[in-house]
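Engineer: Sharing a model prediction with you, sequence too.
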Amino acid sequence: MKSAWFQKLTSVLGEKRQQRREEKQLTALLAAQIQQIARDSQANFRMVSGYSKKLVQPAQTAYAYIEKQLSFIPEPIILDPARWHADYYLKALFVNADAIRNLVQSSKNLRTFFVKEETDQATAVMTADWKHKTIMTVESEGEMVRRDVPQSVYYFDNHEILEVRGTMTDTQDQLCHRILGVLIIKKIMEIQGLQDWIDNLKKEHDVLDFFVQQPKSEDAMIGTKNDDNRVYEARQVLAELQKKEHELHDQIGDAESQLSQVAAALLNPHPMFNIDAVDLMFNRQGLLVKQTTGFAGSKIKLTKCALVDRPSKVIVWVRVNR
């Protein structure tokens, strides 16, 4: 009979082997994802030998950060119209039961999944624009009634179901890769945007340079002070354009520098993506407001997602029955 310590050692070694296999698999997936994005976006850093290998470790850092952020999202809710009246989360996210039914029935991602898979339930992530507006309400304090009290209320619009999979693990993995891809593409686009800016400056530079270098005609030789002023102003603008071009070139750098910029962004992903848990409650009028003290209403916690250059969204794990 094997001793207990030997069984424990075998178990630990097995777990470590499995962990190494998963890490190796993730490394391969990240490298392939980086190469695909670089090709599709025609990133200049492709000229750097082994660029995907150099970006894998920063990508792993960003991936782990995204995983941690997604862990703040509460447990999945069931997208079922019949539950709307009794489920405060559904009442917070949808104006009525029909809104749930319309979302589920119109989701191409759900239809595609259930056509391909035999399972009776799908797991996905649901997002919606996080919005608020100020309305005038009535508040009572004891026997005092206050009218026309401004109240900021929250609501959600443009619902979307993404990353439909059979298990929560698969849905989380796919969402991590989706967000990681957005971060990489965003940084590449920033660099390419600077290059476009330089190209436009060069066009302006060429036009002004042509104007300044034009030989004067006999009539222009007589000239006027206004002509001289225009040439002088054009030369000043030329100097400013050249200065800005040099600044942008320094900011963009060569292919190695651009690769380093993408790596730096992945090593510090927080400014581009984060999730916050927000405490909300239904007030006496049934409106969703920020949680306040002194009123024991129906309280819920929703997660707010901020992704670079995109409107703030609520992000929720959901399950949908066939």
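Structural biologist: Alright, I've got the coordinates. Computed from a predicted structure; not experimentally measured.
Engineer: make it CA atoms for all contacts and neighbour counts henceforth
Structural biologist: Noted.
Engineer: Using the three-state scheme, assign Asp129.
Structural biologist: strand (DSSP: H, G, I helix; E, B strand; the rest coil).
Engineer: I'd guessed it sits against Arg310; true?
Structural biologist: No. Using Cα atoms under 8 Å as the test, Asp129 is too far from Arg310 to be in contact (9.6 Å).
Engineer: just for the chain, where's the confidence low?
Structural biologist: 1-19, 137-149, 208-209, 211-212, 214-228, 231, 291-297 (pLDDT under 70).
Engineer: what about the strands in this structure?
Structural biologist: Secondary structure of the chain (DSSP state E): strands located at 77-78, 121-141, 144-165, 273-282, 288-290, 298-307, 313-321.
Engineer: Burial-wise, tell me which of the ones you listed comes out on top.
Structural biologist: Mean neighbour count, computed with mean count of other Cα atoms under 10 Å, is highest for strand 313-321 among the strands of the chain, reaching a mean of 21.
Engineer: What strands flank that one, and is each parallel or antiparallel?
Structural biologist: Applying DSSP bridges, strand 313-321 is found paired with strand 77-78 (parallel), strand 121-141 (antiparallel), strand 298-307 (antiparallel).
Engineer: Excluding sequence neighbours, find me the nearest residue to Thr119.
Structural biologist: What sits nearest to Thr119 in space, not counting adjacent residues and going by Cα to Cα, 6 or more residues apart in numbering, is Gly166, at 7.3 Å.
Engineer: The one you found contacts Glu118, doesn't it?
Structural biologist: No. Assessed by Cα under 8 Å, Gly166 is found out of contact with Glu118, at 9.7 Å.
Engineer: rewinding a little: output the strands paired with strand 313-321 as a markdown table; include the columns distance to Leu70.
Structural biologist: As requested, these are arranged in a markdown table below (distance: least, Cα to Cα, whole Å):
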| stretch | distance to Leu70 |
| --- | --- |
| strand 77-78 | 15 |
| strand 121-141 | 11 |
| strand 298-307 | 9 |
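Engineer: What count of nearby residues applies to Ser49?
Structural biologist: Here the number of neighbours of Ser49 (other Cα atoms under 10 Å) works out to 10.
Engineer: Give me the phi and psi angles of it.
Structural biologist: Phi and psi for Ser49, reported as degrees, to the nearest 10, are phi -60, psi 130.
Engineer: Then Ala43?
Structural biologist: Main-chain torsions, Ala43, degrees, to the nearest 10: phi -70, psi 140.
Engineer: Now do it against Arg178, distance only.
Structural biologist: 18 Å (Cα to Cα, to the nearest Å).
Engineer: Same check on Ala38?
Structural biologist: Computed as Cα to Cα, the Ala38 to Arg178 distance reads 15 Å.
Engineer: between those two, which one's more packed in?
Structural biologist: Taking other Cα under 10 Å, Ala38 and Arg178 do not tie; Ala38 has more neighbours (19 against 13).
Engineer: Show the contacting residues for the more buried one.
Structural biologist: By Cα atoms under 8 Å, 6 or more residues apart in numbering, the contact set of Ala38 is 45-46.
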